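Peer 1: Next one to model:
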Amino acid sequence: MASTLAVPILRQADILIVTLQGDLGDAEWAKLTDDLLDRVAERRTRFAVLDLSVVDVLDSFACRTIVGLTNMVALRGPTMIVAGIRPSVAFAMVQLGATLPGVATALDLDHALSLMTHG
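Peer 2: Presented below is the predicted three-dimensional model:
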């Protein structure tokens, strides 16, 4: 049985930062969802950032997972920010009908951090 690659979830004060290291398979997306929801529950988290800047391609499962993950995190309380969406990923998300209503987006991680401090 193949093991899934753990995606690092960094905590800085009351911020969780998930920076993907490459394209994920279905099992990695499912594990990331579980891990991030667990981390949000551990301590008070005001913001959660999902950095997609290294992701080149998203399939329908990944798109649905991102939409579900952002909604689940937001329902737990933190403000969710998705950063680094490349044009090819944005195109795929639109083509697959994946929208992120109520989720802030940022050009990159620096922009996401700026949104947290300056609105």
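
Peer 1: what residues does the helix or strand containing I81 touch?
Peer 2: Element membership for I81, per DSSP states H and E: strand 79-83. Residues from elsewhere that reach strand 79-83, judged by C-beta atoms under 8 Å, 6 or more residues apart in numbering: 46-53, 66, 70, 73-74, 100, 103-109, 111-112, 115-116. C-beta coordinates here come from the backbone N, C-alpha and C atoms, glycine included.

Peer 1: And the spatially most central residue of the chain, how far from F91?
Peer 2: Nearest to the geometric centre of the chain sits L50, at 2.8 Å (C-alpha atoms, centre = their mean). Counting by C-beta to C-beta, to the nearest Å, the gap between L50 and F91 amounts to 18 Å.

Peer 1: And for L52, nearest residue in space, chain neighbours not counted?
Peer 2: Distances taken as C-beta to C-beta, 6 or more residues apart in numbering put G84 closest to L52, at 4.9 Å, once the chain neighbours are dropped.

Peer 1: Point out where the chain drops to low pLDDT.
Peer 2: Residues of the chain meeting the criterion pLDDT under 70: 1-5, 119.
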